[in-house]
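In: Sequence below, structure please.
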Amino acid sequence: MKKFTTTVHINFTLTCLLVTMLFMAIGIGLVPSKVRMNIENRQKLCENLAIQFLGVAHDNIIYTLESLGPHIIERNPDIISMGFRDAEGKVVSGTDNHEANWQPLADGESTPTQIQIPVNKGDEIFGTIEIFFAPVYPKTLAGFLHIHYIYFVLFMAAAMFAVNWIYFKKVLRHLDPSSVIPSRVKAVLDNLTESVVILDKDEQIIFGNEAFGKTVDETEKTFVGRKLSIFPWIQPRQKQELCDLPWIQTLEKGTTEANVPIILKTKDGNKRTSVVNSVPILSAAGEHRGIMTSFTDVTELEEKNNELVKMSRDAGMAEIATNVLHNIGNMLNNVNVSATVIGDTLSQSKLLKLQDVSMMIQDHSENIGAFLSEDERGKHIPPYLVKTIAILLDEHKDITKTIKSLRNNIEHIKTVIRSQQSYAKVQTCEEIASIREIMEDAIKMNQTVLTNRKIDIVQEYDEIDYINIDRSRIMQITVNLIKNAAEALNESDVKNKRIAIKCNKTNEDQLKVEVIDNGIGIAPENIAKIFAYGYTTKPTGHGFGLHACVLSAKEIGGDLIAHSQGPGLGASFILTLPLNSEKVNNGKPKESIHETENISH
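Out: Model prediction:
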């Protein structure tokens with residue numbers, strides 16, 4: 001829908017005021033009423049006729065009326081017909097159709113269209129001169145408009161609108177805020193693909209280039225003079241408050257705001273993502289005169305980035321699934337070994353030999369004493385039982401130990417599966433969680449590799465309450481970092497292999513997670529490209545793990561960087577996260593009302 005300009009709004013308002021005042025003037029009688037003037041003219045005409053007929057003899061009135069009546073009607077268009085009615089109520093003289101036009105009236109009464117002039121003869125009524133006029137109020141629309149000054153009012157309104165239009169066009173041209181921008185500068189800014197807006201000290205738009213007009217789907221005439229904050233802006237991952245908008249920060253603090261993401265909800269219901277840069281405009285004396293704000297549309301880039309983030313999330317879940325399968329495979333192998341040991345021990349057990357001894361004892365049950373003391377076979381039974389019981393006790397001890405190991409392995413499998421089920425899901429928001437528990441779960445998922453490679457884990461945690469974080473993505477990142485550290489240590493010749501995991505608050509608003517190893521380290525030339533898509537130094541690597549980690553970190557408002565003193569000197573990966581600390585009761589996290597339904601992979 002096309003919007004009217006400021007000039008049209010002002011003209012329309014002033015014209016409406018003029019029309020209202022004209023009708024008020026007509027209503028209170030400041031403007032002469034044509035109806036009233038017409039009635040007064042008819043009264044004067046009738047009075048003049050009455051005076052003229054007074055000088056006429058009664059016997060000549062009829063003759064005079066018949067001879068002068070047509071001339072009177074001809075000279076007075078409002079008169080339709082005339083006639084003379086005698087005292088008995090009979091029309092004895094009159095113009096054409098007078099008797100048909102005339103409507104009976106009470107004696108002596110008149111109306112604006114029917115007037116009676118009595119004629120007396122002495123004290124007696126001789127008759128009445130009747131004059132029939134045209135209706136005071138016209139029956140046609142044109143007559144109605146004319147009689148009520150409508151044409152006059154319409155003419156004044158049109159003339160007022162035209163004169164004001166010409167006047168305000170010239171005046172507003174000098175008052176146009178955008179006129180402060182030189183035409184050459186406007187031409188340059190209009191050629192930019194970025195949206196550029198210049199605001200005054202009150203946040204009102206004084207200029208917007210063509211790209212901005214296309215973005216908000218408005219023309220310069222409609223958005224100039226309005227505040228930039230009235231458009232439906234949305235700030236991602238923040239509460240929508242006007243004071244957070246970057247140009248308002250620049251207005252209030254005089255600071256430069258750079259690379260601030262913002263979303264505009266367009267009129268067709270879509271959302272356009274832009275990166276905002278806002279700088280103050282200063283005079284030669286350093287006085288704050290306004291600000292210039294630019295919007296770089298990154299909607300398509302954001303869509304591609306979201307696709308890549310989804311791929312990275314899937315890759316992260318694949319990393320977790322791979323570790324889970326590897327851990328479960330190793331545990332199942334241990335379970336198989338334990339089951340085999342138990343089976344071999346039972347198949348070779350001395351317990352089966354006791355069956356022969358039992359049968360011998362049953363066969364000599366009647367003389368068991370003599371059999372055990374005198375028979376050569378019986379004499380060997382007591383020492384044999386003592387020796388066999390000792391062997392069986394050792395077997396029981398070994399089997400018990402093996403069963404315990406079997407139970408531990410099964411419990412480890414259950415723990416790994418529970419951890420995987422806890423993180424192998426899609427979440428679209430944050431939840432209340434313990435950073436210590438997340439780190440411990442990440443260690444469990446890499447436990448087999450760490451144990452087999454004899455890698456010590458050192459954990460250092462600040463006293464951190466349960467916090468509002470994206471638990472699943474942090475888990476994916478940490479599992480990948482620990483796995484990479486273990487692989488770096490596997491290729492290293494260092495004897496005391498160690499991974500340190502540290503979590504601490506750098507300030508009230510930021511959490512830092514470090515994964516430090518003393519492995520093969522990273523060459524300086526590789527630090528800058530280690531997070532690039534497809535880059536890997538491993539023969540079997542795909543070059544996507546660390547790239548997926550840094551994308552996930554940025555998606556949740558954090559960052560991931562790497563440090564190393566060089567080859568053979570180990571490396572550290574530092575994950576920084578925005579901290580939204582939230583106290584909970586009894587050390588337990590509160591239920592998050594933002595959690596969405598999780599879908600297991």
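
In: most remote residue from this structure's center?
Out: Using CA atoms, centre = their mean, the residue of the chain lying farthest from its centre is residue 374. It sits 101.1 Å away.

In: Could you measure from it over to residue 403?
Out: The gap separating residue 374 from residue 403 is 43 Å, by CB to CB, to the nearest Å. All C-beta spots, glycine's among them, are computed from the backbone N, C-alpha and C.

In: Next: residue 66.
Out: Applying CB to CB to residue 66 and residue 403 gives a distance of 146 Å.

In: what does residue 261 give?
Out: Residue 261 is 58 Å from residue 403, by CB to CB.

In: average model confidence for stretch 25-37?
Out: For stretch 25-37, mean pLDDT rounds to 74.

In: domain assignment for this structure?
Out: Here the domain parsing of the chain from automatic domain parsing is 32-147, 182-297, 304-418, 429-587.

In: what sits against residue 275?
Out: Going by CB atoms under 8 Å, 6 or more residues apart in numbering, residue 275 touches 259-262, 295-296, 298.

In: from these, which is closest to residue 45?
Out: Of all these, residue 45 sits closest to residue 295, with 78.3 Å by CB to CB.

In: Tell me how many other residues crowd the closest one.
Out: 22 (other CB atoms under 10 Å).

In: Surely it is in a strand?
Out: Yes. Under DSSP: H, G, I helix; E, B strand; the rest coil, residue 295 sits within a strand.

In: From residue 303, how far off is it?
Out: 17 Å.

In: helices and strands around the one helix or strand residue 476 maps to, which ones?
Out: Following DSSP states H and E, one finds residue 476 within helix 471-490. If you count contacts as 3 or more CB pairs under 8 Å, 6 or more residues apart in numbering; DSSP states H and E, helix 471-490 packs onto helix 299-347, helix 376-423, helix 435-445, helix 447-452, strand 498-507, strand 510-517, helix 545-555, strand 571-578.

In: Would you format the contacts of residue 275 as a markdown table with distance to residue 506 included?
Out: What follows is the contacts of residue 275, written out as a markdown table (distance: CB to CB, whole Å):
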| residue | distance to residue 506 |
| --- | --- |
| 259 | 21 |
| 260 | 22 |
| 261 | 23 |
| 262 | 27 |
| 295 | 32 |
| 296 | 30 |
| 298 | 29 |
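
In: Can you give me the buried ones in stretch 479-499?
Out: The neighbour-count check on stretch 479-499 (16 or more other CB atoms under 10 Å) flags 479-489, 492, 497-499 as buried.

In: what's the answer for stretch 115-122, then?
Out: In terms of neighbour count (16+ other CB under 10 Å), stretch 115-122 has its buried residues at 115-117, 119.

In: Out of those, which is nearest to residue 307?
Out: Nearest to residue 307 among the buried residues of stretch 115-122: residue 115, at 93.3 Å, using CB to CB.

In: so what's the closest one up against?
Out: Residue 115 makes contacts with 42, 46, 130-131, 133, as judged by CB under 8 Å, 6+ apart.

In: ok, back up a step: please save the CA atoms from the helix holding residue 476 in PDB.
Out: Output of helix 471-490 as PDB, limited to C-alpha atoms (Å, rounded to 0.1, in the frame of the first residue of the first chain):
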ATOM      1  CA  ARG A 471      25.300 -28.800  26.900                       C
ATOM      2  CA  SER A 472      25.200 -30.900  23.700                       C
ATOM      3  CA  ARG A 473      27.500 -28.700  21.600                       C
ATOM      4  CA  ILE A 474      30.000 -28.200  24.400                       C
ATOM      5  CA  MET A 475      30.100 -32.000  24.800                       C
ATOM      6  CA  GLN A 476      30.800 -32.500  21.100                       C
ATOM      7  CA  ILE A 477      33.600 -29.900  21.100                       C
ATOM      8  CA  THR A 478      35.300 -31.400  24.200                       C
ATOM      9  CA  VAL A 479      35.100 -35.000  23.100                       C
ATOM     10  CA  ASN A 480      36.800 -34.000  19.800                       C
ATOM     11  CA  LEU A 481      39.500 -32.000  21.600                       C
ATOM     12  CA  ILE A 482      40.300 -34.800  24.100                       C
ATOM     13  CA  LYS A 483      40.400 -37.300  21.200                       C
ATOM     14  CA  ASN A 484      42.800 -35.100  19.200                       C
ATOM     15  CA  ALA A 485      45.000 -34.600  22.300                       C
ATOM     16  CA  ALA A 486      45.200 -38.400  22.800                       C
ATOM     17  CA  GLU A 487      46.100 -38.900  19.100                       C
ATOM     18  CA  ALA A 488      48.900 -36.200  19.500                       C
ATOM     19  CA  LEU A 489      50.200 -38.000  22.500                       C
ATOM     20  CA  ASN A 490      50.100 -41.300  20.700                       C
END
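
In: What average pLDDT does it get?
Out: The predicted model assigns helix 471-490 a mean pLDDT of 86.

In: just checking, residue 93 touches residue 65?
Out: Yes. Using CB atoms under 8 Å, residue 93 is in contact with residue 65, at 5.2 Å.

In: residues bridging contact with those two, i.e. touching both?
Out: Taking CB under 8 Å, 6+ apart as the criterion, residue 93 and residue 65 both touch 83-84.

In: can you pull out the helices in the stretch 51-200 of the chain?
Out: Ranges of helices within the stretch 51-200 of the chain are 61-75, 98-101, 141-147, 150-175, 183-190, based on DSSP state H, counting those that start in this stretch.

In: Which of these has the lowest mean pLDDT?
Out: Ranked by mean pLDDT, the helices of the stretch 51-200 of the chain end with helix 141-147 at the bottom, a mean of 58.

In: distance of residue 511 from residue 186?
Out: 47 Å.

In: Nearest to residue 231 among the helices and strands packed on helix 471-490 would be which one?
Out: Closest to residue 231 of the helices and strands packed on helix 471-490 is helix 299-347 (CB to CB; 15.9 Å).

In: Give me the next element, helix or strand, following the closest one.
Out: Per DSSP H and E, helix 299-347 leads on to helix 354-363 as the next helix or strand towards the C-terminus.

In: mean confidence for that next one?
Out: Across helix 354-363, pLDDT averages out at 80.

In: Can I get the helix or strand following that helix as CSV, trimmed to CA atoms?
Out: Note on helix 354-363: by DSSP H and E, the next helix or strand toward the C-terminus is helix 368-374. Output of helix 368-374 as CSV, limited to C-alpha atoms (Å, rounded to 0.1, in the frame of the first residue of the first chain):
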residue,chain,number,x,y,z
ILE,A,368,33.9,-96.0,55.8
GLY,A,369,36.3,-95.9,58.7
ALA,A,370,38.1,-99.0,57.7
PHE,A,371,38.1,-98.0,54.1
LEU,A,372,39.8,-94.6,54.9
SER,A,373,42.3,-96.1,57.3
GLU,A,374,43.2,-99.6,55.8
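
In: and helix 368-374, what other elements does it pack with?
Out: Applying 3+ CB pairs under 8 Å, 6+ apart, one finds that helix 368-374 contacts helix 376-423.

In: Counting by contacts, list what the helix it packs on packs against.
Out: Using 3+ CB pairs under 8 Å, 6+ apart as the contact test, the elements touching helix 376-423 are helix 299-347, helix 354-363, helix 368-374, helix 435-445, helix 471-490.

In: what residue ranges in the stretch 501-601 of the chain score low on pLDDT?
Out: 538-544, 580-601 (pLDDT under 70).

In: Excluding chain neighbours, give the residue nearest to the residue nearest the centre of the chain in space.
Out: For the chain, residue 234 is the residue whose C-alpha lies nearest the centre (CA atoms, centre = their mean; 5.3 Å). In space, and not counting its chain neighbours, residue 234 is closest to residue 263: 4.1 Å by CB to CB, 6 or more residues apart in numbering.

In: Roughly how far does that neighbour sit from residue 559?
Out: Distance from residue 263 to residue 559, by CB to CB: 21 Å.

In: Between these two, which has more neighbouring residues?
Out: residue 263 (16 against 13).

In: so the more buried one touches residue 273, yeah?
Out: Yes. Residue 263 is in contact with residue 273 according to CB under 8 Å; the separation is 5.3 Å.

In: just to revisit the earlier point, from the helices and strands packed on helix 376-423, pick the one with the highest average neighbour count.
Out: For the helices and strands packed on helix 376-423, the largest average neighbour count (mean count of other CB atoms under 10 Å) is found in helix 471-490, namely a mean of 24.
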